[in-house]
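K.L.:
Got a predicted model here, sequence first, then my questions.
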Amino acid sequence: MGDGEQGQQDGRPILKKFDQRLNRLIQALYPDERTRPGFARLAAEIREATGGSISATYLWELSTGKKRNVTLEQLDVLADFFGVPPGYFLDDEVAERVSEQLSMAAALSDVKVRDLALRSAGLSSVNLDAILAIVDEVRKVQNLPEVQRPDSVDSTG
């Protein structure tokens, strides 16, 4: 009934999480905080890449939650620049899917993680399960959060 209503979640405006989602994209695109561009440079990069116009001040206001009145045109420009569907900013399900993809991309950008994955290719299912169990135990020792596995493990082909 009312719980599937689009546009609101628990009575909150749909743009309530806009700043968090925008910041997640900025951090994913520029993972090294030391080389992450300021809002002036980011606005210039967005203009150059998309032809759309967003000011540095407006970007800052969006990222801090001070403004949430983004236009559809600006939403499209941001989505285009960051390579996400516009729904990422508005829809929790789309945002969750994109966040999972961003986490995967961030993990695979680590050379050692990629090397581990490549070396694991071709191993039997039993051996892969053993390696995953070892990794899970090492994560516990290092007090890292548990990693959620995809629902359909055997669909990875």
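P.N.:
Now that the structure is in, tell me what you want to look at. Since the structure is predicted, the reported quantities are computational estimates derived from the model, not experimental observations.

K.L.:
Please make it C-alpha for all contacts and neighbour counts, starting now.
P.N.:
Will do.

K.L.:
Go ahead and flag the most central residue of this structure.
P.N.:
Central residue of the chain (CA atoms, centre = their mean): Ser99, 3.3 Å from the mean position.

K.L.:
quick one: which helix or strand includes it?
P.N.:
helix 92-108 (DSSP states H and E).

K.L.:
what packs against the helix or strand immediately after that helix in the chain?
P.N.:
Following helix 92-108 in sequence order, the next helix or strand is helix 111-120 (DSSP H and E). Other helices and strands packing on helix 111-120, by 3 or more CA pairs under 8 Å, 6 or more residues apart in numbering; DSSP states H and E, are helix 92-108.

K.L.:
Show me what the helix it packs on packs onto, helices and strands only.
P.N.:
The contact analysis (3+ CA pairs under 8 Å, 6+ apart) places helix 92-108 against helix 18-29, helix 111-120.

K.L.:
Report the mean per-residue pLDDT for the first one.
P.N.:
Okay, so that is helix 18-29. The average of the pLDDT scores along helix 18-29 is 91.

K.L.:
now swap in the last one and tell me
P.N.:
Averaging pLDDT along helix 111-120 yields 84.

K.L.:
hmm, back to that, take the helices and strands packed on helix 92-108 and write them to TSV, including distance to Val141 and mean neighbour count.
P.N.:
Output for the helices and strands packed on helix 92-108, formatted as TSV (distance: least, CA to CA, whole Å; neighbours: other CA atoms under 10 Å):
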stretch	distance to Val141	mean neighbour count
helix 18-29	27	17
helix 111-120	18	11
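
K.L.:
need those in TSV with distance to Arg47, can you?
P.N.:
As requested, the helices and strands packed on helix 92-108 are exported to TSV (distance: least, CA to CA, whole Å):
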stretch	distance to Arg47
helix 18-29	15
helix 111-120	32
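
K.L.:
what's the closest of the ones you listed to Ala49?
P.N.:
Ala49 lies closest to helix 18-29 among the helices and strands packed on helix 92-108, at 13.8 Å (CA to CA).

K.L.:
what packs against whatever helix or strand comes next after the closest one?
P.N.:
Downstream of helix 18-29, the first helix or strand assigned by DSSP H and E is helix 39-50. Counting contacts by 3+ CA pairs under 8 Å, 6+ apart, helix 39-50 packs against helix 56-64, helix 72-82.
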